[in-house]
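Asks: with the sequence up front, the predicted model follows.
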Amino acid sequence: MTSAIRIKLSIMMFLEFFIWGAWFVTLGTYLLRNLSATGTQVGVAFLTQSIGAIVAPFIIGLIADRFFSAQKILGVLHLAGAFLLWRASTSPDFGSFYPNILTYMILYMPTLALVNSIAFRQMQNPQKEFAPIRVLGTLGWIVAGLTIGWLNWEQSGSLQATFLMAAGASALLGLFSFTLPATPPVKSGQQSSSLGDMLGLDAIGLLKNPSYLIFFLASIAICIPLAFYYGFTNPFLNEVGMKKAAGVQSLGQVSELLFMLLIPVFFSRLGVKKMLAIGMLAWVLRYVCFAYGNAESNYWMLIAGIVLHGICYDFFFVTGQIYTDNLAGERFKSSAQGFITLATYGVGMLIGTLLSGRIFDAYQTSPTAHDWRMIWLIPAGIAVVVLLLFLLLFKDGNQPQAEAASSSYDQAPSLAEAN
């Protein structure tokens, strides 16, 4: 991979996650304060992410793997997204806001798999090459959060501007995408053998590998507590009195950035099972810190809970993306990335957002206060159960990731046979 391609891929990752971080972190606070939404409505708004993630494999499998180059689809989706974000910023109430953000997330969520697919197609050794490029996405999220804090949009009631900032970045990435390395469809001209193949579900053959099946189910389950973090961390931190909460939350992405740079080292020493288990354990610790932290004597627990996000995300999601890419093989890289997006941000987050909104409303103690200890202990308990079941059921033979993925792939039925 040349330096020019590496730079382009890094810019792509930076903008991809800057756009998401620019409005998503403060969405709950914006809806509660500016649009007078209920906790259930906040959950419904975050549910749009899950709907988009469920649609993603169909868009990727039907279009990116078969008909059009991935970088061109990425450009079109982000240009359309820029318009929808602008429309969302002008919405006066939740009823008019929701259709815009729902349509936007249906278009945005497939781009998460597209940027991974574009990057992986340029790499000879993803275990070593992916993390240094993906880390620019984390930096983009950090810059978005710091910008919101620096401009004091939370305290001044100006969170509407976050959607305009995201719209501008989306338009920029939309145009920039057309300059990215050509990533043509790998199954162009082939005849579909089944409806599932046409809709991008050919990667479902991965589930015939017992280890991958356990990973897939764990991915769904662990995203249930993740929904609590995405939906209610920013309202929680603002309610307990943290200043410039969005900016402080970017410490989670700083941690994510640092750990991501170390992923190649962890892969070679720990193997996939330990990496995934450490990520899930960090989930438990994060929510316990939030449950017992406050803005006074236990302020350090709030910071610790935020900083643990780096381990939560890198050790589980980035590990899972590379694990999936290794098992999928060349022909199904786009479909496989869309498939794991469906499991995590789709099914898992769908369940989590529905649950978290109802729990938020159930533990409201006054119009402006909540029993946050109970709100956070519930996802902590869910994460404990997922971790214990994963440790009992997932087998990787204590091999390093590259060897484990290779041997698992050799033992699994081919995806062509699975269809």
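Replies: That came through, no problem. Remember, it's a predicted structure, so these values are computed and weren't measured experimentally. Numbers count the residues shown, from 1 in each chain.
Asks: going by C-alpha atoms from here, please, whenever you check contacts or count neighbours.
Replies: Will do.
Asks: in three-state terms, label the residue minimising distance to the centre of the chain for me.
Replies: Nearest to the geometric centre of the chain sits Tyr345, at 6.3 Å (Cα atoms, centre = their mean). The three-state label given to Tyr345 by DSSP: H, G, I helix; E, B strand; the rest coil is helix.
Asks: quick one, what contacts it?
Replies: Counting by Cα atoms under 8 Å, 6 or more residues apart in numbering, Tyr345 makes contact with Gln49, Ser50, Ala53, Ile54, Cys223.
Asks: just Arg286 next, same as before
Replies: So Arg286 contacts Ala304, Gly305, Ile306, Leu308, His309, Ala380 (Cα under 8 Å, 6+ apart).
Asks: distance of the nearest residue to Leu237 once chain neighbours are set aside from Tyr313?
Replies: Among residues not flanking Leu237 along the chain, Ala245 sits closest, at 6.1 Å (Cα to Cα, 6 or more residues apart in numbering). Applying Cα to Cα, to the nearest Å, the value for Ala245 to Tyr313 is 20 Å.
Asks: end to end on stretch 361-381, go ahead and measure it.
Replies: Terminal-residue distance, stretch 361-381 (Cα to Cα): 19 Å.
Asks: low pLDDT regions in the stretch 151-300 of the chain?
Replies: Along the stretch 151-300 of the chain, segments meeting pLDDT under 70 span 186-203.
Asks: now do the helices in it.
Replies: Assigned by DSSP state H, counting those that start in this stretch, the helices in the stretch 151-300 of the chain fall at 160-176, 195-198, 210-239, 245-261, 263-292, 299-307.
Asks: closest to Ala369 out of the ones you listed?
Replies: helix 210-239 (7.2 Å; Cα to Cα).
Asks: and the angle from that closest one to helix 245-261?
Replies: 150 degrees (axes from the mean of the first three to the mean of the last three Cα atoms, to 10 degrees).
Asks: and helix 210-239, how far from the chain's centre?
Replies: Taking Cα atoms, centre = their mean, to the nearest Å, one finds the center of helix 210-239 at 10 Å from the center of the full chain.
Asks: over to stretch 170-185?
Replies: With Cα atoms, centre = their mean, you get 20 Å for stretch 170-185.
Asks: renumber starting at 31 from here on
Replies: Renumbered: residue one is now 31, and that last one reads stretch 200-215.
Asks: so how far is the first residue of it from its last?
Replies: Across stretch 200-215, first to last residue, Cα to Cα, it's 24 Å.
Asks: just give the number of residues close to the closest residue to Ala399 other than its chain neighbours.
Replies: Distance criterion Cα to Cα, 6+ apart; nearest residue to Ala399, sequence neighbours excluded, is Glu269 at 7.2 Å. As a burial measure, Glu269 scores 16 neighbours (other Cα atoms under 10 Å).
Asks: buried residues, stretch 65-72. List them.
Replies: Of all the residues in stretch 65-72, those buried under the rule 16 or more other Cα atoms under 10 Å are Ala67, Thr68, Gly69, Thr70, Gln71, Val72.
Asks: just checking, which of those residues belong to strands?
Replies: Residues of these located in strands (DSSP state E): none.
Asks: among those, which lie within helices?
Replies: Those of the buried residues of stretch 65-72 mapping onto helices are Gly69, Thr70, Gln71, Val72, per DSSP state H.
Asks: rewinding a little: out of the contacts of Arg316, flag the one nearest to Ala257.
Replies: Nearest member of the contacts of Arg316 to Ala257, counting by Cα to Cα, is Ala410, at 11.9 Å.
Asks: now do the same contact list for that closest one.
Replies: Pro255, Trp313, Val314, Leu315, Arg316, Tyr317, Val318.
Asks: so for the residue nearest to the centre of the chain, what pLDDT did the model give?
Replies: Note on Tyr375: pLDDT of 78.
Asks: likewise for the one 10 residues further on?
Replies: Note for Leu385: predicted pLDDT of 92.
Asks: and for it, the neighbour number?
Replies: Leu385: 18 neighbours (other Cα under 10 Å).
Asks: one more: Ile408?
Replies: When neighbours are defined as other Cα under 10 Å, Ile408 has 17 of them.
Asks: and Leu417, by the same measure?
Replies: Count around Leu417 with other Cα under 10 Å applied: 22.
Asks: so it makes contact with Ala307?
Replies: Yes: assessed by Cα atoms under 8 Å, Leu417 is found in contact with Ala307 at 6.5 Å.
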